[in-house]
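quick one, fold the following:
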Amino acid sequence: MFGTGSVSYEVQSRREGRWRIEGAYTDQEAALSAARSQLAATGVEEAKVVKFRTVAGLSLETVILHKTVPQTQRKGLTLGGTAEGAPFCRTPDDLCGFESRVVIGRLLRPYLDAQRITPTELLHSWPLFRRLEEQGALLGAAIHAAARHHADVHGVSHAARARELRQLVEAVSGAARDALAERRRLPRFDAADLPGTSNAIDEAVGPDGHDALFLVLLSQHLEAGGPLVGKLDILLALIGDDVEPRHLFLLDGVIADIMGSADTVKELLGAQPSLHAGLGTLADALFDRDPDPALAPALAPIAPSLRRVCRLALEGRLPQSRAVLLERLRQSIAGDQPLDRRDAKVEAVLTHDLAARLKGADGATLGGAAMEKALERRLLRHRQSVLRAQGMHDIADRLAGR
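Next comes the predicted model:
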């Protein structure tokens, strides 16, 4: 009599006591999936799906999902990963370098995400470093993890290497402490005039000390950014068409630090309906292309800041950020999480689709041989699961030995 009217769904989440809208959907399952993804994200306290229906001029509102994240007793923070690939640092500059920061980001990821800071800020801000020291054994655990890796790979003494790394850490943190003590005498960070800022730094400490002091001042400038997505906006605002190469290199390093946070990249990608959708969206962004029109209605829009990072990376201006994003893609593809939890049977189809979307106009796979190997591993794991479901465990085991 009155007609069916229009129906839409809104996903909302509560963080730090405040509700915010995460996305609007026309499909109920997509909205519910997005809400469940929010419940797994860091910092989310509650999530709900609200159904809006218009009938005969009346707007009806119904909450079809409302869940609260259990508030467990806060445990001491632990390391978030391994020290695999840790470079053999010999100088404070080595410790602050890109490869070292990638490993620092992996080891200290739970702590860094909880504090909403980057490895660069940790290394160049004395208050932030002191806060880490107050966590008890966390810093020591990270040092010993790197020392064990070096002992295994390079055959050095674990204990001696741990002492060497501790001395490097103390040298870097000492420089940050000294910079804080001299804060009033340091050059001012002028976001509107980076060349002028660098000239003042060169006059104060000389060219050799430029990069370290620039990052100290940049870390202070980022204090107003709040969460990592806010700091990303600040960093991108500093990258104009005429940005100097030395500034672009330093800014790229901090942006790469932010891209090392899985939670932040997930937030920038939006509440995608599945892992396949998220990875495909990131791949499209790295090629700076629009998603398939047939898929677009089901996808959440990605943040403009992430799209700009990908565009700058494609142009060759953010190579460190590009490397981190490619590694994030590779790890996710090589991982165990299904591409679509709602239907395990489509795993092979979605993997082949992802492989196609990872190819550029020249036919080359984004990420090269390492990405192709990750795709092959996912397909192999799927074939093994199918065989095991049919009771053919021996054949599945033999596939792994190929």
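
every contact and neighbour count from this point should use C-alpha atoms.
Noted.

wait, is residue 353 part of a helix?
Yes. Counting by DSSP: H, G, I helix; E, B strand; the rest coil, one finds residue 353 located in a helix.

just the pLDDT for it.
For residue 353, the pLDDT comes out at 92.

okay, now residue 288: neighbour count?
By other C-alpha atoms under 10 Å, the residues close to residue 288 number 17.

please tell me how far it sits from residue 388.
Residue 288 sits 40 Å away from residue 388 when distances are taken as C-alpha to C-alpha, to the nearest Å.

point out where the stretch 51-200 of the chain drops to low pLDDT.
By pLDDT under 70, the weakly predicted segments of the stretch 51-200 of the chain are 56-57, 71-77.

in it, which spans are helices?
For the stretch 51-200 of the chain, the helices defined by DSSP state H, counting those that start in this stretch cover 92-95, 98-107, 109-115, 119-124, 126-133, 138-154, 158-181, 194-205.

hey, which of these is tucked in deepest?
helix 119-124 (a mean of 25; mean count of other C-alpha atoms under 10 Å).

show me what that one is packed up against.
Applying 3 or more C-alpha pairs under 8 Å, 6 or more residues apart in numbering; DSSP states H and E, one finds that helix 119-124 makes contact with helix 98-107, helix 126-133, helix 158-181, helix 210-221, helix 245-259.

looking at those, spot the one closest to residue 45.
helix 245-259 (22.6 Å; C-alpha to C-alpha).

what backbone torsions are found at residue 315?
Residue 315 adopts backbone torsions of phi -70, psi 0, taken as degrees, to the nearest 10.

neighbours of it, how many?
Other residues near residue 315 come to 12 when the count uses other C-alpha under 10 Å.

can you pull the domain assignment for this structure?
The chain is divided into the following domains under automatic domain parsing: 6-68, 92-259, 262-400.

for residue 84, which of these is the nearest?
With distances scored as C-alpha to C-alpha, the stretch of those nearest to residue 84 is domain 92-259 (6.7 Å).

residues near residue 247, how many?
Residue 247: 17 surrounding residues under other C-alpha under 10 Å.

okay, it and residue 289: tell me how far apart.
Note on residue 247: its distance to residue 289, by C-alpha to C-alpha, is 27 Å.

likewise residue 310?
Using C-alpha to C-alpha, residue 310 is found at 10 Å from residue 289.

could you check which of those two has the larger neighbour count?
residue 310 (24 against 12).

so the more buried one makes contact with residue 285?
Yes. Contact criterion C-alpha atoms under 8 Å: residue 310 and residue 285 qualify, at 5.9 Å.

residues contacting residue 171?
By C-alpha atoms under 8 Å, 6 or more residues apart in numbering, the contact list for residue 171 reads residue 92.

next, give phi and psi for the most centrally placed residue in the chain.
Against the mean C-alpha coordinate of the chain, by C-alpha atoms, centre = their mean, the closest residue is residue 261 at 2.7 Å. Backbone torsions for residue 261, taken as degrees, to the nearest 10, come to phi -90, psi 110.
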